[in-house]
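1. Take this sequence and fold it.
(one chain, ligands or ions: 2)
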Amino acid sequence: MTPIEKLQGSLTTLGLKAIEARLEALLEHAAKSEPSYADFLDEVLSCESEARRSRYLRARLQLAHLPYLKNFDQFDFAFQPSIDERQIRELRSLRFVHEDSNVIFLGPPGVGKTHLSVSLAEASIQSGFGAYFITAHDLVTDLGRAYREGRLDRRMRVYLAPRVLVIDEMGYLPLDDLGATIFFQLVSARYERGSIILTSNKSYGEWGSIFGDPIIATAILDRLLHHSTTINIRGNSYRLKDRQRAGLLPRPEDQQVPPIVAAPTVGPNRRNKRDTA
Ligand code: ADP
Ligand code: MG
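-> Ligands and ions are numbered 1, 2, ... in the order given. Model (predicted):
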């Protein structure tokens, strides 16, 4: 058995797969650059620990159930000038996670609420926090079923455990009494114990209509907003922008060209119309 084969055997026994996979490259590199013993050992062990870290992050990302993976660098802030970039920078520091405070993105469909929530969840995971993403509708459906089956407390733990819980699309559908009560319980249980990132197309004033009861809406908002940052996005849908580019909708500059023949009327506000999410 050659020394290399013996080494490979030990690496297999110890489960050091990343070092095993790069063994020859590591040895060749060391033969060329002649590092100190300590530097060589460090390089070898870093190879394994980096591989483990990225495996761990991948697993955490999968557990988070993000609808897609996007980050802040992929967000075009110039397209959405109503967003204060300083506020976003502050959020990116993840101080809100350390402080167990909440983030609420409000605005019409397509303005980037989910994208920014996903980016914050991803950044949290990169920093070692657990995160979980779910739509408000799925959340309430799941917990409603658990309630009817007499296992609400146990099921609730799924949504209490992650340090960051993203609740997407609050307000698209109204909640019934049970849904509202369950939502209140969840927000109360996470209060000052974990962050909620929430997105909604409804302003706070309209929340009464989501819960069908202004008293429970107030109680929920009271806890949700006590330690929180609200990002109000007032702008055009990014999805609509893509459709404009594809020529499916008139672009603003096209509309300024006077029509030679009577063209079918296209309202100038068409591009401001809400996108169907
Ligand atoms: P919503 O506000 O409805 O949650 P999303 O965040 O899902 O909207 O955005 C819709 C799509 O447009 C996504 O693919 C998202 O990545 C993209 N998007 C939205 N705003 C921007 C932006 N300012 N820059 C880049 N992509 C954006
Ligand atoms: Mg969305």
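2. right, and the helix or strand after the lengthiest helix in the chain?
-> Within the chain, and with DSSP state H defining each element, the longest helix by residue count is helix 37-63. Counting by DSSP states H and E, the next helix or strand C-terminal to helix 37-63 is helix 85-92.
3. Other residues contacting that next one?
-> Here helix 85-92 makes contact (C-beta atoms under 8 Å, 6 or more residues apart in numbering) with 72, 77, 103, 116, 120, 123, 229, 231. From N, CA and C alone the C-beta is placed, and that goes for glycine too.
4. got it, and stretch 63-79?
-> Contact with stretch 63-79 is made by 61, 83, 85, 88, 92, 112, 114-116, 118-119, 121-123, 125, 130-134, 162, 168, 235-236, 238, 241, as judged by C-beta under 8 Å, 6+ apart.
5. one more time with 10 Å, if that's ok
-> 61, 83-85, 88-89, 91-92, 111-112, 114-126, 130-135, 138, 162, 164, 166, 168, 235-236, 238, 241 (C-beta atoms under 10 Å, 6 or more residues apart in numbering).
6. Now, those that are in helices?
-> Counted as lying in helices by DSSP H, out of the contacts of stretch 63-79, are 61, 85, 88-89, 91-92, 114-126, 138, 238, 241.
7. same for ligand 1: which of those are within range?
-> Restricting the ones in helices among the contacts of stretch 63-79 to those within reach of ligand 1 (C-beta under 6 Å from any ligand atom) leaves 114-115, 238.
8. will you turn the residues you listed into CSV that also has pLDDT and neighbour count?
-> Compiled in CSV, those are given as follows (pLDDT from 0 to 100; neighbours: other C-beta atoms under 10 Å):
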residue, pLDDT, neighbour count
Thr114, 98, 22
His115, 98, 22
Tyr238, 91, 17
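9. For the residue of the stretch 151-277 of the chain found nearest ligand 1, which non-adjacent residue is closest in space?
-> When scored by C-beta to the nearest ligand atom, the stretch 151-277 of the chain has Tyr238 as its residue closest to ligand 1, at 3.2 Å. Of all residues not flanking Tyr238 in the chain, Gly110 sits nearest, at 5.4 Å (C-beta to C-beta, 6 or more residues apart in numbering).
10. Quick check: the one you found touching Thr199?
-> No - in this structure Gly110 lies outside contact range of Thr199 using C-beta atoms under 10 Å: 11.8 Å.
11. Compare those two (neighbour count), which wins?
-> Thr199 (26 against 22; other C-beta atoms under 10 Å).
12. For my notes, confirm that one occurs in a strand.
-> Yes - remark: Thr199 belongs to a strand, assigned using DSSP: H, G, I helix; E, B strand; the rest coil.
13. distance of the closest residue to it other than its chain neighbours from Thr141?
-> Nearest residue to Thr199, sequence neighbours excluded (C-beta to C-beta, 6+ apart): Lys113, at 3.9 Å. Remark: distance between Lys113 and Thr141 (C-beta to C-beta, to the nearest Å) = 21 Å.
14. how about the residues of the stretch 1-150 of the chain near ligand 1?
-> So far as C-beta under 6 Å from any ligand atom goes, the stretch 1-150 of the chain lies against ligand 1 at 70, 74-76, 79-80, 109-115.
15. Tell me the one of these nearest Tyr147?
-> Distance to Tyr147 across those (C-beta to C-beta) is lowest for Thr114, with 27.0 Å.
16. show me the contacts for the closest one.
-> Counting by C-beta under 10 Å, 6+ apart, Thr114 has contacts 66-68, 70, 105, 133, 135, 166, 168-169, 199, 277.
17. Likewise for Leu175?
-> Per C-beta under 10 Å, 6+ apart, neighbours of Leu175: 136-137, 140, 144, 181-184, 210-213, 216-217.
18. From those residues, which land in helices?
-> 136-137, 140, 144, 181-184, 210-211, 216-217.
19. With distance to Glu192, pLDDT and neighbour count added, can I get these in a markdown table?
-> Formatted as a markdown table, those follow (distance: C-beta to C-beta, whole Å; pLDDT from 0 to 100; neighbours: other C-beta atoms under 10 Å):
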| residue | distance to Glu192 | pLDDT | neighbour count |
| --- | --- | --- | --- |
| Ala136 | 21 | 97 | 21 |
| His137 | 26 | 96 | 16 |
| Val140 | 22 | 96 | 23 |
| Gly144 | 25 | 97 | 18 |
| Thr181 | 20 | 95 | 18 |
| Ile182 | 20 | 95 | 22 |
| Phe183 | 17 | 96 | 23 |
| Phe184 | 16 | 96 | 17 |
| Ile210 | 23 | 92 | 22 |
| Phe211 | 22 | 91 | 24 |
| Ile216 | 20 | 93 | 19 |
| Ala217 | 20 | 93 | 22 |
